[in-house]
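**Q** 3D, please:
(one chain, ligands or ions: 1)
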Amino acid sequence: MSALSAMLERGEISSVELIQCFLDRIDRSQELNAFITVDAEGALTQAQSADRSRANGHAGALTGLPIAHKDIFCSRGLKTTCGSRMLEDFVSPYDATVVERLADTGTVLVGKTNMDEFAMGSSTETSWFGPARNPWSRSRVAGGSSGGSAAAVAARLVPVATGTDTGGSIRQPAAFCGLTGLKPSYGRVSRYGMIAYASSLDQGGPIAQSAEDAALLLQAMAGFDPRDATSLDKEVPDYTSALKQPVAGLTIGLPKEFFDSSVDESVRYASHAALAEFEKLGARLTDISLPNSAAGIPCFYVIAPAEASSNLSRFDGVRYGYRTESYRDLNEMYEKTRAEGFGIEVKRRIMIGTFALSAGYYDAYYRKAQQIRQIIADDFREAFRHCDYIAGPTSPTTAFALGEKTNDPVSMYLSDIFTITANLAGIPAISIPVGFDNTGLPIGLQLTGQSFDEPGLLKLAHRYQQVTDWHRHLPKDFS
Ligand code: GLN
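**A** Numbering: from 1, shown residues only. Take a look at the predicted model:
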């Protein structure tokens, strides 16, 4: 991104020309299905205004650069579908805080990216608009739920995009597409206008080519928002200057649970090779344990559906979105609207969540899951007494084939086994590209830090990217 920004600054290219160039690329890459909406006209108008700001001496690091937002962020005047038939034609009357803040920095919104329906999934295959494809191999998934954003950045249809992460939806697609994806600490980025899936777990964050770009994007996204009661009133550090800090003297913990036999050989190998680089940079590696991490998936699949069942009750055909064509009475209108408007995975979650919260089962499931969530957070707290950061594979495998897991929800859920615990604990984690498997698919390494230590994670990622070039590789048809 800094190269594009420098070209704009030197006047070698105008923002209008730059945006047109990316729009042409998007047009040529429609088979990836990375976008749900492309707003060429709006983007060119924004680009003209970015060029005027620059001419008047009001340009920042992001002014005039294209960006795409996951279609979960409300954007005024543009469709916001959340990957669902329920919101297929929904046009938001207001902007999400993230959208607003990025517009204020002068970024040009070129479109909204494909995603799993209501962010429920790990492959973008639950999207009402069809799956996104992985630019590294079009028969493979791009990951999910922010698969459209990851596919778009990997194919260089945009230099950066936003995503959201409830259990891994920024990091896993970043890993599958060879990108840098950061899930910030809970409360760091405003959720206002970000359609809620599981409110106590959801966080927005950047999907980028490098840690440097992720830092720039996070800088614009992060910060207190009085309109979101869960956003924290805590100063936002300078993420770019944090990149320059040294790695020497830091301790990285390797949880034995993250390197077990469920992990592909190639993923394990690349993770260890990356960790050896960190050692060369002066970090010390130490073995640790997160003994209850196996409980993360079952715990998540009680809490997330419970919150989702409540959040999704607003989609009833009355307020906004889809309404069934014909009905005899109000109840039938609700029933048919929800039966037709939601896809199968969303219905599964609503049923599980409603069940887990129902009288008589609340204590057995929901309360128990909350207790386990606490234990998982305590495991991290204990681990951070022995190390500064925790590292392991982002996902046990590289990108799987389209259709491979669609009939087996549990195996789909397991692709988030290493990412989900950071959401349960509310702590930040980043995925960075660390190599390729023998079929040429990217591999991601996850680094996890303590609450609000995004600067530390970005620094580790950046230092690694200064001595390696995995993040510079391009899928062959998109160079
Ligand atoms: N794959 C997980 C789910 O389906 C997490 C998705 C996410 O992070 N939004 O719920």
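
**Q** E41 belongs to a strand, doesn't it?
**A** No. Per DSSP: H, G, I helix; E, B strand; the rest coil, E41 lies outside any strand segment and is helix.

**Q** tell me how far it lies from the ligand.
**A** Applying CB to the nearest ligand atom, to the nearest Å, the value for E41 to the ligand is 31 Å. For the C-beta atoms, the positions are set from N, CA and C on the backbone; glycine is no exception.

**Q** also E17?
**A** In terms of CB to the nearest ligand atom, E17 sits 36 Å off from the ligand.

**Q** strands of the stretch 51-200 of the chain, start to end?
**A** 66-70, 108-113, 133-134, 137-141, 160-165, 180-183 (DSSP state E, counting those that start in this stretch).

**Q** make CSV out of those and add mean neighbour count.
**A** Below are those laid out as CSV (neighbours: other CB atoms under 10 Å):
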stretch, mean neighbour count
strand 66-70, 30
strand 108-113, 29
strand 133-134, 28
strand 137-141, 19
strand 160-165, 30
strand 180-183, 34
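
**Q** for those strands, which one sits closest to E454?
**A** Closest approach to E454 among the strands of the stretch 51-200 of the chain (CB to CB): strand 180-183, 6.8 Å.

**Q** for the closest one, name the packing helices and strands.
**A** The contact analysis (3 or more CB pairs under 8 Å, 6 or more residues apart in numbering; DSSP states H and E) places strand 180-183 against strand 160-165, helix 171-177, strand 203-208, helix 211-221, strand 429-436, helix 454-467.

**Q** please repeat the previous calculation with a cut-off of 10 Å.
**A** helix 147-154, strand 160-165, helix 171-177, strand 203-208, helix 211-221, strand 429-436, strand 442-448, helix 454-467 (3 or more CB pairs under 10 Å, 6 or more residues apart in numbering; DSSP states H and E).

**Q** the fifth one vs helix 454-467, what angle?
**A** Orientation note: helix 211-221 sits at an angle of 150 degrees relative to helix 454-467 (axes from the mean of the first three to the mean of the last three CA atoms, to 10 degrees).

**Q** orientation of helix 211-221 relative to strand 160-165 in degrees?
**A** Between the axes of helix 211-221 and strand 160-165, defined by the same axes, to 10 degrees, the angle is 70 degrees.

**Q** what is the subsequent helix or strand relative to helix 211-221?
**A** Next along the chain after helix 211-221, taking DSSP states H and E as the criterion, comes helix 239-242.

**Q** figure out how far that following helix is from the centre of its chain.
**A** Relative to its chain's centre, helix 239-242 lies at 21 Å (CA atoms, centre = their mean, to the nearest Å).

**Q** mean confidence (pLDDT) on it, please.
**A** Mean pLDDT, helix 239-242: 97.

**Q** what packs against the helix or strand that it is followed by?
**A** The C-terminal neighbour of helix 239-242 among helices and strands, as given by DSSP H and E, is strand 251-255. With contacts defined as 3+ CB pairs under 10 Å, 6+ apart, strand 251-255 has these neighbours: helix 265-280, strand 284-288, helix 368-383, strand 389-393, strand 442-448.

**Q** pull strand 251-255 out as PDB, backbone CA atoms only.
**A** The C-alpha trace of strand 251-255 is given here as PDB (Å, rounded to 0.1, in the frame of the first residue of the first chain):
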ATOM      1  CA  THR A 251       9.700 -15.300  24.700                       C
ATOM      2  CA  ILE A 252       7.300 -17.100  22.400                       C
ATOM      3  CA  GLY A 253       5.300 -20.000  23.900                       C
ATOM      4  CA  LEU A 254       4.400 -23.000  21.800                       C
ATOM      5  CA  PRO A 255       1.400 -24.800  23.200                       C
END
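
**Q** so that strand versus strand 284-288, what angle?
**A** Using the same axes, to 10 degrees, the inter-axis angle of strand 251-255 relative to strand 284-288 is 30 degrees.

**Q** still on that earlier bit, including mean pLDDT and distance to the ligand, could the helices and strands packed on strand 251-255 go into CSV?
**A** Below are the helices and strands packed on strand 251-255 laid out as CSV (pLDDT from 0 to 100; distance: least, CB to the nearest ligand atom, whole Å):
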stretch, mean pLDDT, distance to the ligand
helix 265-280, 98, 18
strand 284-288, 98, 24
helix 368-383, 98, 14
strand 389-393, 98, 16
strand 442-448, 98, 14
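
**Q** what's the next secondary structure element after the helix or strand bottoming out on mean pLDDT in the chain?
**A** Least confident helix or strand of the chain, by mean pLDDT, DSSP states H and E, is helix 409-413 with a mean of 92. Per DSSP H and E, the first helix or strand lying C-terminal to helix 409-413 is helix 420-425.

**Q** roughly how far is that next one from the heart of the chain?
**A** The chain centre lies 14 Å from the centre of helix 420-425; the measure is CA atoms, centre = their mean.

**Q** pLDDT (mean, whole number) over that helix?
**A** Over the span of helix 420-425, the pLDDT mean works out to 98.

**Q** N438: neighbour count?
**A** For N438, the neighbour count with other CB atoms under 10 Å is 8.

**Q** SS state for it?
**A** Put simply, N438 is coil when judged by three-state DSSP.

**Q** quick one: it and the ligand, what's the gap?
**A** The span separating N438 from the ligand equals 26 Å under the rule CB to the nearest ligand atom.

**Q** confidence score at the residue nearest the centre of the chain?
**A** Centroid check for the chain by CA atoms, centre = their mean gives I170 as the closest residue, at 2.2 Å. With respect to pLDDT, I170 has a value of 98.

**Q** return the residues in contact with it.
**A** Contact partners of I170, counting by CB atoms under 10 Å, 6 or more residues apart in numbering, are 70, 143, 145-146, 149-150, 161-164, 179-184, 203-207, 214, 419, 429-431.

**Q** and the residue of the stretch 351-479 of the chain nearest the ligand?
**A** D416 (4.7 Å; CB to the nearest ligand atom).
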